[in-house]
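Visitor: Predicted model and sequence follow; I will ask about them next.
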Amino acid sequence: MLENDPTTAWWVSGGFPFPRSYHVNMEKGLTFENGQHVDLKESGSFQMYRPYAKVSTITSDVGVHSDALEFGWPASYIPGILFISDLVVPGGFSGSRFWVQIIREESAALQHTNSTEHILTHPGMPPYLDEKEGEFPYGVDDFVTDTPGLRGLSASYVRAEASASFTMWLAFQPYNGMWVTLRAVDWYWRGSATNGANGWALESNPGDHSVHPQDYATETYPAWRNFSSERYWNPELP
Amino acid sequence: MKSTLLLLTVVVLMTGGRGLVGNIKAGEWGPVTNSLQMSLRLQCEREEIKTNEPVRLLVQVRNVSTNEVIWIPRPKEAVEKTGYFSFVVVSPSGRNISPASQPKPYYGSVRLLAPGHTEDFKVDLSRICNLEEIGTYRIIARRTETRSDKRTKGAILFEVRSNPLYVSVVAGK
């Protein structure tokens, strides 16, 4: 018998457009004070729906634009990566979509003209939740973008490099229900730049990034150990 | 190149359809500069804070155009550490106590600001400025933005300023 009341549980998997069927066997043995024993057995099945979802991506290139080493070209309205979701909710159900991004690995370094190398440092271990000042989730629209980069590069530095790998998750929360993950996309970018006689220029391959990465079905939840906004430069930038 | 053009087309089409029903919030705003406007207020609803309290500000940047998507770079570090905004702070006795604002490189992303939408930034001013004097302070936030000139492809620099914010500091208990 359940002793913890109420007990909370939710189902993550399911089917679309037809529900997936799950068979359940329940067995319980009861022993009475007079020594009699009885085995209770019951079986049955239940059906579970799950939204249809697909995430498409379009990527651009790594470059140096103005004072930034970045994946994308925001000054020309081009993000590094664009995620577009296609979501079909089974009839009779309602809910909302949202995005969660996890940073699996991340590194960045700046070399000062005085030869000091400043390293972007996290106090904790990855993975990190990619958040905006503690806000969750990453986005709620039908599409989201990311254009990571090192910005504000000045004449005080001679070299910059950055790289990161991510997983972007598309999640669904049924009305009055628990949220579940539907699709995920793994992607990365990497770049380095030097400050020479003609100013900042890209040193690395502009194509060093995921190219239109494919999504995949998932039923697992994103997990993180720390938050992305806790990062700092070591030593501190002058 | 083909995929880049496709990416540009998709983003402009998707954001252009959003119209003017964005997340505009009430508040005072600074002057419009190149379709951008900035608002400054305290994160808490009160108009006064105590000397032992942090001065937590909310800076909002709004795209006031009707048909232009604007990209706002955004640090993924604490904003006040990066010199992303500069602040003009005048103390109750009339002294200029503005914190030094040396913009520093930062790691971050870029937010897509559709027409009518705002982007919020939370700033802890106490980390860079000491507001221990009792009385009313006058604070203005400033931000230098970069825009690409469509004809010359060169960078255009311009400054966006917030409304003046008056913050009363009272003795803490």
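Guide: Right, received. Where do you want to start?

Visitor: which residue ends up closest to the midpoint of chain B in space?
Guide: In chain B, the C-alpha nearest the mean C-alpha coordinate belongs to residue B:59, at 4.4 Å (CA atoms, centre = their mean).

Visitor: need the contact list for the nearest residue in space to that one that is not next to it in sequence.
Guide: Computed as CB to CB, 6 or more residues apart in numbering or on different chains, the closest residue to residue B:59 that is not its neighbour in sequence is residue B:121, at 4.4 Å. For glycine as for every other residue, the C-beta is placed from the backbone atoms N, C-alpha and C. For residue B:121, the contact set (CB atoms under 8 Å, 6 or more residues apart in numbering or on different chains) comprises A:133, B:58, B:59, B:60, B:61, B:74, B:79, B:84, B:85.

Visitor: where's the dip in pLDDT among these?
Guide: The member of the contacts of residue B:121 with the lowest pLDDT is residue A:133, and it reads 69.

Visitor: related to what we said a few turns ago, what about the residue nearest to residue B:59, which helix or strand?
Guide: Assigned by DSSP states H and E, residue B:121 falls within strand B:118-124.

Visitor: Over to residue A:108?
Guide: strand A:95-112.

Visitor: so where's chain B shaky on pLDDT?
Guide: Counting by pLDDT under 70, chain B contains low-confidence ranges at B:1-27, B:153.

Visitor: What segments of it are helices?
Guide: Assigned by DSSP state H, chain B shows helices spanning B:2-16, B:79-82.

Visitor: list the buried ones in the shortest one?
Guide: The neighbour-count check on helix B:79-82 (16 or more other CB atoms under 10 Å in any protein chain shown) flags B:79, B:80, B:81, B:82 as buried.

Visitor: Can you lay out the residues you listed as CSV showing distance to residue B:154?
Guide: Formatted as CSV, those follow (distance: CB to CB, whole Å):
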residue, distance to residue B:154
B:79, 27
B:80, 30
B:81, 30
B:82, 25
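
Visitor: of those residues, list those near chain A.
Guide: With respect to chain A, and counting by CB under 8 Å from any CB of the partner chain, the subset of those in contact is B:81, B:82.

Visitor: What about residue B:100, how many residues nearby?
Guide: Applying the criterion other CB atoms under 10 Å in any protein chain shown, we find 8 residues in the vicinity of residue B:100.

Visitor: Run through the residues that contact it.
Guide: By CB under 8 Å, 6+ apart, residue B:100 has no neighbours at all.

Visitor: let's go with 10 Å and repeat that
Guide: B:83, B:86, B:128, B:129 (CB atoms under 10 Å, 6 or more residues apart in numbering or on different chains).

Visitor: Quick check: bridge partners of the residue nearest to residue A:157 when sequence neighbours are not counted?
Guide: Computed as CB to CB, 6+ apart, the closest residue to residue A:157 that is not its neighbour in sequence is residue A:110, at 5.2 Å. When bridges are taken as DSSP bridges, the partners of residue A:110 come out as residue A:118, residue A:160.

Visitor: got a list of what residue A:110 touches?
Guide: Applying CB under 10 Å, 6+ apart to residue A:110 gives the contacts A:69, A:116-120, A:150, A:152-154, A:156-162, A:233, A:237, B:104-105, B:107.

Visitor: Please list only the buried members of the residues you listed.
Guide: A:69, A:118, A:120, A:150, A:152-153, A:157-162, A:233, A:237, B:104-105, B:107.

Visitor: Now intersect the residues you listed with the strands, please.
Guide: Among these, the members found in strands (DSSP state E) are A:69, A:118, A:120, A:150, A:157, A:158, A:159, A:160, A:161, A:162, A:233, B:107.

Visitor: ok so, going back, so the residue nearest to the centre of chain B sits against residue B:29, correct?
Guide: No: counting by CB atoms under 10 Å, residue B:59 does not reach residue B:29; the two are 11.3 Å apart.

Visitor: mind showing which ranges of chain A have poor pLDDT?
Guide: Across chain A, the ranges flagged by pLDDT under 70 are A:1-7, A:133-134.

Visitor: partners of residue B:119 in the sheet?
Guide: Residue B:119 has these beta-bridge partners by DSSP bridges: residue B:61.

Visitor: go on, residue A:129?
Guide: Judged by DSSP bridges, the bridge partners of residue A:129 are residue A:102, residue A:227.

Visitor: Run a quick neighbour tally on it.
Guide: Here the count is done by other CB under 10 Å, and residue A:129 has 20 residues near it.

Visitor: ok, it to residue B:147 distance?
Guide: For residue A:129, the distance to residue B:147 under the criterion CB to CB, to the nearest Å works out to 31 Å.

Visitor: which helices and strands does the longest strand belonging to chain B pack with?
Guide: If each strand of chain B is counted by residues according to DSSP E, the longest one is strand B:135-148. Using 3 or more CB pairs under 10 Å, 6 or more residues apart in numbering or on different chains; DSSP states H and E as the contact criterion, the neighbours of strand B:135-148 among helices and strands are strand B:36-42, strand B:56-63, strand B:70-75, strand B:86-90, strand B:118-124, strand B:155-161, strand B:165-170.

Visitor: now the angle from it to strand B:36-42?
Guide: Inter-element angle recorded for strand B:135-148 and strand B:36-42: 150 degrees (by axes from the mean of the first three to the mean of the last three CA atoms, to 10 degrees).

Visitor: Many thanks, I have nothing further to ask.
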